[in-house]
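Participant: how would this look folded up:
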Amino acid sequence: MLLSELAQGGWILRLRKGLYALTGSPSGSLQIHPFAIATRLVEPSAISHWSALSHHGFTEQVPNVISAFTPAKVVTPSMRAPCQKPRSVHHAWEIGGVRYQYATVKKEHFFGVEETWVNELFKVPITDKERTVLETFITPRTFGGIGEALALIEERLNELDLNRLVRYTVRYGRASVAKRLGWALEMAGASLSVLAPLETFPASGVRILDPTRPRRGPSNRRWGIQENLARSDR
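Facilitator: Residues are numbered from 1 along each chain as shown. The predicted model follows:
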């Protein structure tokens with residue numbers, strides 16, 4: 001009853017069953033960092049993808065949604081609605097005019113996360129720089145193609161712990177990701193010692209560099225990669 005009265009008075013906001021946020025005033029406006037809300041709505045979860053890129057200063061784009069990944073099952077209010085959205089529309093929480101969207105990962109792929117202070121009150125899990133960059137090679141479609149990943153490697157190489165990035169890639173365990181990253185690091189001038197674990201990563205066949213583009217272009221035999229780049233990415 002007390003929670004209901006506080007919510008009606010605008011002092012708290014119900015985020016989901018059993019989870020409330022203090023507004024601090026009868027106006028009902030949230031004073032809580034959206035990253036803190038995102039990582040409490042679904043636990044465990046971590047800020048990732050475009051939101052993590054923006055947090056690390058790796059993009060000038062301002063994401064219009066808060067993105068996070070989680071090994072947990074996510075059920076948003078829109079999934080329970082009687083009128084289901086088309087499959088092309090991503091389900092998300094909408095709170096205070098902000099959309100919170102989650103990508104599901106396997107439990108063994110939930111790594112590369114660090115606890116980070118986002119303001120003086122909240123410390124939240126966010127993918128570190130290397131895990132954030134790795135995600136652009138894992139799910140290039142999310143970033144509009146491989147161009148974003150290649151630009152990060154070219155422009156931010158000196159800001160990354162390359163040995164950690166390679167360890168993460170080997171741990172992730174997908175040949176296409178290892179070979180894409182190896183190809184990109186070699187083009188950026190990474191040392192042979194850095195490239196070695198990616199070059200020896202077991203793989204067979206030829207994989208396309210950009211899964212969002214047609215399978216055409218020259219093949220790089222060393223990496224087993226078909227260089228199907230757009231002219232703007234070369």
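Participant: break the chain down into its structural domains.
Facilitator: Residue ranges for the domains of the chain, per automatic domain parsing: 1-31, 33-127, 128-234.
Participant: would you turn those domains into CSV with mean pLDDT and mean neighbour count?
Facilitator: C-betas here are computed from N, CA, C, even on glycine. Compiled in CSV, the domains of the chain are given as follows (pLDDT from 0 to 100; neighbours: other C-beta atoms under 10 Å):
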stretch, mean pLDDT, mean neighbour count
domain 1-31, 80, 13
domain 33-127, 90, 16
domain 128-234, 95, 17
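Participant: where do the strands sit along this protein?
Facilitator: In the chain, the segments counted as strands under DSSP state E are 12-16, 19-22, 46-47, 66-70, 93-95, 98-104, 113-117, 123-127, 207-208, 219-220, 225-226.
Participant: please produce JSON lines containing the ones you listed, extended by distance to residue 168.
Facilitator: Listed next are the strands of the chain as JSON lines, based on distance: least, C-beta to C-beta, whole Å:
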{"stretch": "strand 12-16", "distance to residue 168": "31"}
{"stretch": "strand 19-22", "distance to residue 168": "31"}
{"stretch": "strand 46-47", "distance to residue 168": "14"}
{"stretch": "strand 66-70", "distance to residue 168": "14"}
{"stretch": "strand 93-95", "distance to residue 168": "28"}
{"stretch": "strand 98-104", "distance to residue 168": "17"}
{"stretch": "strand 113-117", "distance to residue 168": "11"}
{"stretch": "strand 123-127", "distance to residue 168": "10"}
{"stretch": "strand 207-208", "distance to residue 168": "19"}
{"stretch": "strand 219-220", "distance to residue 168": "22"}
{"stretch": "strand 225-226", "distance to residue 168": "19"}
